[in-house]
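*Asks:* below are the sequence and a predicted model for it; my questions follow.
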Amino acid sequence: MADLVTEFEAERGRLTAVAYRMLGSRSEAEDAVQETWLRYAAALADPAARAEIRQLGAWLTTTCARICLDVLRSARVRREAYPGQWLPEPLVTPAPSGDGFAPDPAERAVRTDQVGSALMVVLERLTPEQRVAFVLHDVFAVPFARVAEVLGTTDVAARQMASRARRAVSAPDAPRHTADPAEQRRVVAAFAAAAQSGELDALLKVLAPDVVLIGDGGGHFPAGRNPVYGADKVGRFVLGLFGQSGRYGGTLRARPVLVDGVLGFQMETVFRDGRPLRLVSALAVADGRVTGIFNQLNPDKLGDLPPLGPEDAWPPRW
């Protein structure tokens, strides 16, 4: 049993990475990986099933992907009834002091081939089958023959699903994130300073014309039922919340963090009625401007974030 556990644990990081990108939820991904372990243990107890495990990593990936596909199919019904906009459960780690982003060792395996919040949002547009095909092949380089096996279809059909997903990911209205770490730091710092200044013209200089803002309050906090599009509308929305005279401007505290591999903020403030509010904001950056702002306010998706300290302020210190 000890050997079996060791063999499985060597694959756990990759399995969690695959499951997270398919499901957009760390907790659901961990559940899928645990179910994969249970099926692995059951297969080893059955001589016929055990004989089918010729390459452990491939067998585990296939099994985990099938579990995720079932979860995605059932999740579509739940997400159609979700209050307001849906955003993935973010992976949040401390921001590095330099321009080279080096994830915490405990998170490195999960964050391998990180796709970022912008792409995670676009993946929500796909059917479960398209999402599985795209994540397995385009993100983790799984051959189409095995992708077809997961989906219970042909190689040709699996290729078509991945192709449709690729077109959706590269659609003109999809938020773009192409910035390297140095550019991210420069743009995100400029965004925070402009937002705090309360000057719309200063903020518009760092917002792309087609920028989109999406907030997920999960029914717990108001976050807008629809995305906000366009630099002017997004700029006014941001200033209304985080500007000097905005709703949270006088009480907001923040620190830079990595959100799904890109720079963003962990923030804390209070409503006028005294209720505390925590949120994580991820920023997509391309061509020197912010192309997407993704605010996660749903406490069910924020997990055990470390508390902010008295040294954390808005705009945050780098």
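*Replies:* On my side now, so go ahead.

*Asks:* those strands in the stretch 151-300 of the chain, which residues are they?
*Replies:* 207-216, 228-229, 253-259, 262-270, 276-286, 289-296 (DSSP state E, counting those that start in this stretch).

*Asks:* outline the domain layout of this protein.
*Replies:* The record's domain parsing of the chain by automatic domain parsing lists 2-81+123-169, 91-112+175-318.

*Asks:* I'd like the average pLDDT over the longest one.
*Replies:* Per-residue pLDDT over domain 91-112+175-318 has a mean of 84.

*Asks:* before we move on, what about stretch 151-165?
*Replies:* The model assigns stretch 151-165 a mean pLDDT of 96.

*Asks:* now that stretch: buried residues?
*Replies:* 151, 157-158, 161-162, 164-165 (16 or more other Cβ atoms under 10 Å). Where you see a C-beta, it was placed from the backbone N, CA and C, and this is true even at glycine.

*Asks:* wait, which of these is closest to A282?
*Replies:* A165 (21.2 Å; Cβ to Cβ).

*Asks:* show me the contacts for L60.
*Replies:* Shown in contact with L60 (Cβ atoms under 8 Å, 6 or more residues apart in numbering): 8, 11, 15, 36, 40.

*Asks:* just want the most central residue of the chain.
*Replies:* The centroid of the chain falls nearest to S117 when counting by Cα atoms, centre = their mean (3.9 Å).

*Asks:* tell me, how many residues neighbour the residue nearest to F191 when sequence neighbours are not counted?
*Replies:* The spatial neighbour of F191 that comes closest, neighbours along the chain excluded (Cβ to Cβ, 6 or more residues apart in numbering), is V206 at 4.9 Å. By other Cβ atoms under 10 Å, 24 other residues sit near V206.

*Asks:* oh, and call the first residue 852 from now on, that's how I've got it
*Replies:* Sure thing, new numbering starts at 852, so read that last one as V1057.

*Asks:* pLDDT score assigned to the spatially most distant residue from the centre of the chain?
*Replies:* Largest separation from the mean C-alpha position in the chain: P898, at 39.5 Å (Cα atoms, centre = their mean). Confidence at P898, expressed as pLDDT, is 84.
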